[in-house]
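K.L.:
predicted model follows, preceded by the sequence.
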Protein chains: 2
Amino acid sequence: MASVTTDTDVADDDIRPMRADARRNYDKLIAAAREVFTERGSEGSLDEIAKRAGVGPGTLYRHFPTRDDLLDALMRDWTERVVADAEAAVSADISPRKTLEQWFTAYIGHVTLHRGAAVKLSAAMDDESSPMYRKCQTLISANEHVLDDLAGSGALRSGVEARQVMRLISGVATFADSTGIGEDEVTPMLDIVIDGILK
Amino acid sequence: MASVTTDTDVADDDIRPMRADARRNYDKLIAAAREVFTERGSEGSLDEIAKRAGVGPGTLYRHFPTRDDLLDALMRDWTERVVADAEAAVSADISPRKTLEQWFTAYIGHVTLHRGAAVKLSAAMDDESSPMYRKCQTLISANEHVLDDLAGSGALRSGVEARQVMRLISGVATFADSTGIGEDEVTPMLDIVIDGILK
DNA sequence: TGACTATACGGAGACTATCTCCGGTTAACA
DNA sequence: TGTTAACCGGAGATAGTCTCCGTATAGTCA
């Protein structure tokens, strides 16, 4: 986590700036949500979040009509981190296998923000109406970037599509999230997938 | 679905038989749960199930202390079907690839009983306290059976463990369940996994 | 600075779901 | 038919979601 308090200045792509009190409450809600979701997973109580932020439930629901909107807002600087990790995997001078291991591990880390987040993100990938849909697009293109690079150096089997790979890794992430297995137990699963991807 | 009304005669491995009214209510609850879970997924309201069964909530909770107990009870003849499908895949005179395709597809079918079931079953695989834990053991050994057979004929890469394969396929199933993609979209994912498994 | 107004706040409360407790009922058996 | 252990049912405690609307205040302009 780079910085706790430094969220971006504007809450959304909205034109008009927020009123000072609104901005204050928005930030307090984000901080409280981060706490509660970390402790209780992404099904944590929304009223509890409002309480911890010291605001009424009405205020919470005005800022974030749905739980997914709140989850989405927590991922403000997430996009940049995803892109950076994909780039790091590509530009590192390592074997294709290591590249994939590194990227997949990072991917899974990004998708398991909180307990229950992986399944929500997976669901959002094919649901344009989800507030998190656009975030997923970032994930998709980051993954494409890594795979295209490997394809360029001829390391991939023919017929391997980035979309399928992304779905597979999302499945691994969801499984890891729901069972609570650790990274050391995830690696063997990834190894099989990587064998299925590389020549 | 083989038969709707023919559940087994005894509710559990309990010694004493149930009282007639208890048995009646038990069966009505199972039927109602099957309805509601099919309509609303495995997060459907339990009180709603009690209502449809025409019993009080107390009766439901006496028979099934937790939601997972109820889910488990719905899977009464599930075990046999799983074992049968594994056996069918093994004994069919087809290529290793076809064997795996057939088995994995069956596996995913078994695990996605209702919307939300796959993630619950995945979670139960590493949770001995879950009522569904024993069901998962069935799934695990059925999967081992298929993979052992392929290993015996030398079709598998070295180092492929049944447990990891099972987890991967569970991940695929969970992804399919949460996004709602169909079987035709699942096959390409399975193809990658199969490439990672076979020599 | 003071008054005006759009914007935002907050919390009471309606609604829904989970789960328990216990007074009343009934199946099973002699 | 009487006895009793087993079972039923539903009122209600608890908790989470979400809305409505009277009140408060930040921002603005004279």
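P.N.:
Received, thanks. Model, not experiment: these values are computed from the prediction. Numbering: from 1, shown residues only, chains lettered A, B, ... in the order given.
K.L.:
low pLDDT regions in chain A?
P.N.:
When residues are selected by pLDDT under 70, those of chain A lie in A:1-16.
K.L.:
domains of chain A?
P.N.:
A:15-66, A:78-197 (automatic domain parsing).
K.L.:
which bits of chain A sit near DNA strand C?
P.N.:
Among all residues of chain A, those adjacent to DNA strand C (criterion: Cβ under 7 Å from any atom of the strand) are A:16, A:18-19, A:21-22, A:24-26, A:54-59, A:62-63. Where C-beta positions appear, they are placed from N, C-alpha and C, glycine not excepted.
K.L.:
closest one of those to B:Leu46?
P.N.:
Distance ranking of these against B:Leu46, using Cβ to Cβ, places A:Pro57 first at 25.5 Å.
K.L.:
can you count the residues close to that closest one?
P.N.:
By the measure other Cβ atoms under 10 Å in any protein chain shown, the count of residues near A:Pro57 is 12.
K.L.:
show me what contacts it?
P.N.:
By Cβ atoms under 8 Å, 6 or more residues apart in numbering or on different chains, the residues touching A:Pro57 are A:Leu46, A:Asp47, A:Ala50.
K.L.:
can I take it that the second one is in a helix?
P.N.:
So the one you mean is A:Asp47. Yes. Per DSSP: H, G, I helix; E, B strand; the rest coil, A:Asp47 lies within a helix segment.
K.L.:
how about the nearest residue to it, chain neighbours excluded?
P.N.:
Closest residue in space to A:Asp47, ignoring its immediate chain neighbours: A:Pro57 at 5.4 Å, by Cβ to Cβ, 6 or more residues apart in numbering or on different chains.
K.L.:
could you measure from that neighbour over to DNA strand D?
P.N.:
In this view, A:Pro57 and DNA strand D are 4 Å apart by Cβ to the nearest atom of the strand, to the nearest Å.
K.L.:
swap in A:Asp27?
P.N.:
14 Å.
K.L.:
so that residue: helix, strand or coil?
P.N.:
Here A:Asp27 is recorded as helix under three-state DSSP.
K.L.:
burial measure for it, as a count.
P.N.:
Neighbours of A:Asp27 (other Cβ under 10 Å): 14.
K.L.:
where's A:Ala73 relative to A:Pro65, distance?
P.N.:
11 Å (Cβ to Cβ, to the nearest Å).
K.L.:
looking at those two, which one has more neighbours?
P.N.:
A:Ala73 (18 against 11).
K.L.:
check which helix or strand covers that one.
P.N.:
Assigned by DSSP states H and E, A:Ala73 falls within helix A:67-74.
K.L.:
ok, and does that helix reach over to chain B?
P.N.:
No. Counting by Cβ under 8 Å from any Cβ of the partner chain, chain B has no neighbours in helix A:67-74; the shortest distance is 13.4 Å.
K.L.:
near DNA strand D, which residues of chain A are found?
P.N.:
Counting by Cβ under 7 Å from any atom of the strand, chain A sits next to DNA strand D at A:19-21, A:43, A:45-48, A:56-58, A:61, A:65-67.
K.L.:
how many neighbours does A:Glu48 have?
P.N.:
15.
K.L.:
sorry, wrong one. I was asking about A:Arg67.
P.N.:
17.
K.L.:
same question, A:Thr105
P.N.:
Neighbour count for A:Thr105, taken as other Cβ under 10 Å: 17.
K.L.:
name the element it belongs to?
P.N.:
Per DSSP H and E: A:Thr105 is located in helix A:96-111.
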